[in-house]
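In: Could you work out the structure for the sequence below:
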Amino acid sequence: MRVFRGHTRSVPAPVVLAIGNFDGVHLGHAALLDQLVRAAQRLQLTPAILTFEPHPREFFAPASAPARLTTLREKLELLADLGVEQAMVCPFNAAFAALSADAFIEQVLCHGLRVRHLIIGDDFRFGCRRQGDFSLLQVAGRRCGFGVEAMQSVVVDGERVSSSGVRRALATGDMAHAAKLLGRPYMMDGQVSHGDKIGRQLGFATANIRIKHNPLPMTGVFAVEVAGLGDQALPGVANLGVRPTVGGTRPLLEV
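Out: This is a model prediction of the structure:
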């Protein structure tokens, strides 16, 4: 997948586009992206997404912004697995937040990204004060030459699939329900680093994995299986948190 930074730089070829934060890349996102890829194949165009960095809620209210389910790297890898061939990562800053809905259509969709077909979720809003909606896009599409279609929400066990729903499941330790909403077990990646050797002093060495999620979407002690150390997975215990009792401040996964 090709990744472009910004939204005003002209892309190599016209695209079929989906827009969103795609945090967690859950089943609702997967359904939207399946529709995106099929439309791109039908129109013989590139399937592309536009996402934002940071998350708009982190820009407007950083103190109360929700924990991310995926880092940008994790998100882009999951999007590529679902068939997205081109990603535009737009810096969400004061200038972008001030764009009117009409300016977003003209500057971003028409001139910057060369959109020929647009697929959006049923709750999509855009532009300053969220003034833009599906109806405005339809009118603009007829004027500018792009098609628009909306994707209905995906429902699992009577619940609309959303990133917020996944966060709630993780926060309460309901990993099974989180996996239902995601369509896969929840995952996060990190890098093994040298720790303080406290576990070794207590008689059991641990692997310390630095996690880039901050804040964490969940914390706690978990029963786990550890793979990659032999022919079979081994039972283990993992602690995910910041280790306040030893002065820790950075998120850490200890296994």
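In: Enumerate every residue touching residue 4.
Out: For residue 4, the contact set (CB atoms under 8 Å, 6 or more residues apart in numbering) comprises 11, 86-89. Glycine gets a C-beta too; all of them are placed from N, C-alpha and C.
In: Can you report how many residues lie near residue 191?
Out: 9 (other CB atoms under 10 Å).
In: re the thing from before, taking the contacts of residue 4, tell me the two that lie furthest apart.
Out: Spanning the widest gap among those are 11 and 89, at 12.5 Å by CB to CB.
In: what's the spacing between residue 233 and residue 170?
Out: 22 Å (CB to CB, to the nearest Å).
In: Assumed residue 83 was part of a helix.
Out: No - applying DSSP: H, G, I helix; E, B strand; the rest coil, one finds residue 83 to be coil, outside a helix.
In: from what I can see it touches residue 35, true?
Out: No - applying CB atoms under 8 Å as the test, residue 83 and residue 35 come out as separate, 10.8 Å apart.
In: Can I get stretch 135-142 in PDB? Just the C-alpha atoms.
Out: Included here for stretch 135-142 are C-alpha records, laid out as PDB according to Å, rounded to 0.1, in the frame of the first residue of the first chain:
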ATOM      1  CA  SER A 135     -27.000  15.100   0.700                       C
ATOM      2  CA  LEU A 136     -24.400  17.800   0.200                       C
ATOM      3  CA  LEU A 137     -22.000  15.300  -1.200                       C
ATOM      4  CA  GLN A 138     -24.600  14.100  -3.700                       C
ATOM      5  CA  VAL A 139     -25.200  17.600  -4.900                       C
ATOM      6  CA  ALA A 140     -21.400  18.200  -5.200                       C
ATOM      7  CA  GLY A 141     -20.900  14.900  -6.900                       C
ATOM      8  CA  ARG A 142     -23.300  15.900  -9.700                       C
END
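In: Residue 56 reaches residue 92, doesn't it?
Out: Yes - at 5.4 Å, residue 56 and residue 92 qualify as touching, with contact defined as CB under 8 Å.
In: more neighbours, residue 233 and residue 170?
Out: residue 170 (23 against 12).
In: And the helices in the stretch 101-250 of the chain?
Out: Per DSSP state H, counting those that start in this stretch, the stretch 101-250 of the chain carries helices over the ranges 101-103, 134-144, 163-171, 175-182, 198-201.
In: And the longest one, what does it pack against?
Out: Same thing as helix 134-144. Applying 3 or more CB pairs under 8 Å, 6 or more residues apart in numbering; DSSP states H and E, we find helix 134-144 packed against strand 115-121, strand 147-151.
In: got any ranges where this protein has weak pLDDT?
Out: 7-10, 194-205, 243-249 (pLDDT under 70).
In: What's the biggest helix in it, counting residues?
Out: helix 27-43 (DSSP state H).
In: quick one on the thing from earlier: out of the helices and strands packed on helix 134-144, which is the most enclosed?
Out: Greatest average neighbour count among the helices and strands packed on helix 134-144 goes to strand 115-121 (a mean of 23), per mean count of other CB atoms under 10 Å.
In: contact partners of that one?
Out: Here strand 115-121 has contacts from 14-20, 28, 32, 35-36, 39-40, 43, 45, 109, 134, 137, 141, 145-151, 153, using CB under 8 Å, 6+ apart.
In: Using the record, which stretches count as separate domains in the chain?
Out: Each domain of the chain is listed here as a residue range: 2-156, 190-254, per automatic domain parsing.
In: Excluding sequence neighbours, find me the nearest residue to the residue most central in space within the chain.
Out: For the chain, the residue nearest the mean C-alpha position is residue 23 (2.4 Å; CA atoms, centre = their mean). Among residues not flanking residue 23 along the chain, residue 163 sits closest, at 4.4 Å (CB to CB, 6 or more residues apart in numbering).
In: so which of the domains of the chain comes closest to residue 184?
Out: Comparing these by CB to CB, domain 2-156 comes nearest, at 9.0 Å.
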